[in-house]
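> A structural model of the following input is requested.
(one chain, ligands or ions: 2)
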Amino acid sequence: MNQKTKEAYDIQYECIDKIKLLADEWSMQAGRPIVANVTTFGCQMNARDSEKLRGILNKAGFQDTENEDDADIVIYNTCTVRDNANQHVFGRLGHLNGVKRNKKDMIIGLCGCMMQEPHIVEKVKKSYPFVDLIFGTHNLYAFPELLLKVLTDRKRVIDVRDRTEVFPEHLPVVRKYPFKSGVNIMYGCNNFCTYCIVPYVRGREVSRTPEEILAEVKRLADDGVIEVMLLGQNVNSYGKTLEHPMSFAELLLRVCEVPGIERVRFMTSHPKDLSDELIEAMAKNEKICPHLHLPVQAGSSRLLKRMNRHYDREHYMELVRKLRERMPDISLTTDIIVGFPGETEEDFEETLSLVREVGYDSAFTFIYSKRTGTPAAGYPDQVPDKVAHERLTKLLAEVKERAEERCARFTGQTMDVLVEELNREPGLVTGRTPHNIVVHLPGDETMIGKIIPVKLVRCLGFYYIGEPA
Ligand code: 5AD
Ligand code: SF4
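Numbers count the residues shown, from 1 in each chain. Ligands and ions are numbered 1, 2, ... in the order given. Just a heads-up that it's a prediction; the model follows:
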């Protein structure tokens, strides 16, 4: 940590201590614990950021609650990748307004990707006066300082930056699962796919140094973590801009060597940067899970070019061929957009045929959402909503059919399952195989966080019923 970063963190930790005094006072007056809720919208990066927000609130003396209606402090960590995520936030804010009317001390904060868009901040300022705190993705580390300001001044605080000066890596964290954790290996994105807002809200790509990442993984392993998920918008381009460049494959192998780490996953891979070296590393190292999330977005090379994806259908299919050649039973998952501007019926048919050819284990499917400021928002040939919805329905059916066939391929085999939680059904627990397939099996809480061999007895669509082997 350099001197400037250290000073920035010293201030944050001092603020946490000061908040704690205020929280204790608040709690005495109220005659009950003061509770906070952090709600996450969006991707794994946001989920990891929320663990830090929760860590700070917890250290400052607030109890955690899942129910925002019960909370004295509510923080929405927002996503703006598609418009429906935005609408969802505004809908829930309307509801919170009603809750706050009966609880005048309640504090409502907004952060995350949506707040990096000036027109959103303007809208909140104008139409949601009950929001007390707004900050963005670039100054997450300063949450203690900003919250303290709200608590002491009881005035609205807005602080959104356009560049990250201090990365949120040394904050207290409350992990959702004690035995697994995300680890940010890089921030931002340089790809500028024409539909995507991420490069505008998260800024340019920056890789953390391997030393910092490995130190964090070691700390996690010492704290009981056995599975890590390395996170970045485009992990395949990890390390290119470091002073001493390192490939993503090299980093993965180094992470596997950390004592105590049993499983390593990563997200998200861009097909344009997926190297043979990475395929080899995955094939050779047992700790790297045989699952690759490889967003294709569309099956038509013409559309891929308009999306600025820097690969065509042939290149993608060649990657799939290489992956399957080295790892025949690898799980492949993807993201697909339908209704991108200019998508013809023929283009869409190509997406359907690609899904059929690849045979994904699962796919996230989205209707194209116009994002202000991106090139595609200005394309003249937007696809009518009705057509996009019809295409989505067809695509979902195709994905489902192939995914069900794929999932059944492990029937009768015994696989290592990391048990993650109790199932809603009494007497059952739920876990995941290295291929990221969900398995329900008889068991109890003593099994949570352990990797055990499980016979995959019956496949029910996308998951298995198993029994300890
Ligand atoms: N509209 C629809 N889907 C989008 N995604 C990103 N931007 C948009 C958009 N404007 C999808 C992509 C990406 C995933 C995280 O979200 O499929 O891989
Ligand atoms: Fe994650 Fe992108 Fe959504 Fe931000 S906009 S939360 S980076 S998916």
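
> list the contacts for the residue of the chain found nearest ligand 1?
In the chain, the residue that lies nearest ligand 1 is residue 335 (3.3 Å; C-beta to the nearest ligand atom). Using the backbone N, CA and C atoms, a C-beta is placed for each residue, glycine as well. Counting by C-beta atoms under 8 Å, 6 or more residues apart in numbering, residue 335 makes contact with 293, 295-297, 363-366.

> In space, what's closest to the residue in the stretch 1-150 of the chain that ligand 2 sits nearest to - neighbours in sequence excluded?
When scored by C-beta to the nearest ligand atom, the stretch 1-150 of the chain has residue 42 as its residue closest to ligand 2, at 2.8 Å. With sequence-adjacent residues excluded and distances taken as C-beta to C-beta, 6 or more residues apart in numbering, residue 42 is closest to residue 79, at 2.6 Å.

> What segments of the stretch 51-200 of the chain are helices?
When secondary structure is read from DSSP state H, counting those that start in this stretch, the stretch 51-200 of the chain shows helices at 83-101, 118-127, 143-153, 198-202.

> When you filter the contacts of residue 335 down to buried only, what's left?
Buried by 16 or more other C-beta atoms under 10 Å: 293, 295-297, 363, 365-366, out of the contacts of residue 335.

> Need the contacts of residue 335 in a markdown table (columns: pLDDT, distance to ligand 1 and secondary structure).
Shown next, in a markdown table, are the contacts of residue 335 (pLDDT from 0 to 100; distance: C-beta to the nearest ligand atom, whole Å; DSSP: H, G, I helix; E, B strand; the rest coil):
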| residue | pLDDT | distance to ligand 1 | secondary structure |
| --- | --- | --- | --- |
| 293 | 98 | 9 | strand |
| 295 | 98 | 4 | coil |
| 296 | 98 | 9 | coil |
| 297 | 98 | 6 | strand |
| 363 | 97 | 10 | strand |
| 364 | 97 | 7 | strand |
| 365 | 98 | 8 | strand |
| 366 | 98 | 4 | strand |
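
> tell me which of those is nearest to residue 127?
residue 366 (27.1 Å; C-beta to C-beta).

> what pairs with that closest one across the strands?
residue 337 (DSSP bridges).

> Next up, the contacts around it.
With C-beta under 8 Å, 6+ apart, residue 366 has these contacts: 82, 335-338.

> Just give me the closest of these to residue 155.
residue 82 (32.9 Å).

> Which pLDDT value goes with the closest one?
pLDDT, residue 82: 96.

> Neighbours of the residue nearest to it when sequence neighbours are not counted, how many?
Leaving aside its chain neighbours, residue 82 sits nearest to residue 369 (3.9 Å; criterion: C-beta to C-beta, 6+ apart). Using other C-beta atoms under 10 Å, residue 369 has 20 neighbouring residues.

> for residue 369, what are its contacts?
Shown in contact with residue 369 (C-beta under 8 Å, 6+ apart): 81-84, 195.

> Need the max-distance pair from the residues you listed.
84 and 195 (14.5 Å).

> who's more crowded, the two?
Counted by other C-beta under 10 Å, residue 84 and residue 195 do not tie: residue 195 has more neighbours, with 24 against 12.

> hang on, the more buried one packs against residue 373?
No: with contacts counted by C-beta atoms under 8 Å, residue 195 stays clear of residue 373, the gap being 11.4 Å.

> sorry, back to before: what helix or strand does the residue of the chain closest to ligand 1 sit in?
Element membership for residue 335, per DSSP states H and E: strand 331-338.

> for residue 317, same thing?
Residue 317 belongs to helix 313-326, assigned by DSSP H and E.

> end-to-end on stretch 404-417?
End-to-end distance for stretch 404-417: 20 Å, by C-alpha to C-alpha, to the nearest Å.

> what mean pLDDT does it have?
Mean pLDDT, stretch 404-417: 96.

> buried residues in that stretch?
Applying 16+ other C-beta under 10 Å to stretch 404-417 flags 406-407, 409-410, 415-417 as buried.

> Not counting that stretch itself, show me its contacts.
The contact list for stretch 404-417, computed with C-beta under 8 Å, 6+ apart, reads 329, 331, 359-361, 431-435, 437, 439, 441, 451-459, 461-464, 466, 469.

> ok, 7 Å please
With C-beta atoms under 7 Å, 6 or more residues apart in numbering as the test, stretch 404-417 has contacts from 329, 359, 361, 431-434, 437, 439, 451-456, 459, 461-462, 466, 469.

> cool, stretch 101-117 as well?
Taking C-beta under 7 Å, 6+ apart as the rule, stretch 101-117 contacts 42, 46, 72-80, 86, 89, 96, 99-100, 120-121, 124, 130-137, 140, 150, 160, 201-202.

> try it again with 6 Å
Residues outside stretch 101-117 that contact it (C-beta atoms under 6 Å, 6 or more residues apart in numbering) are 46, 72-80, 86, 96, 100, 120, 131-137, 150, 160, 201.
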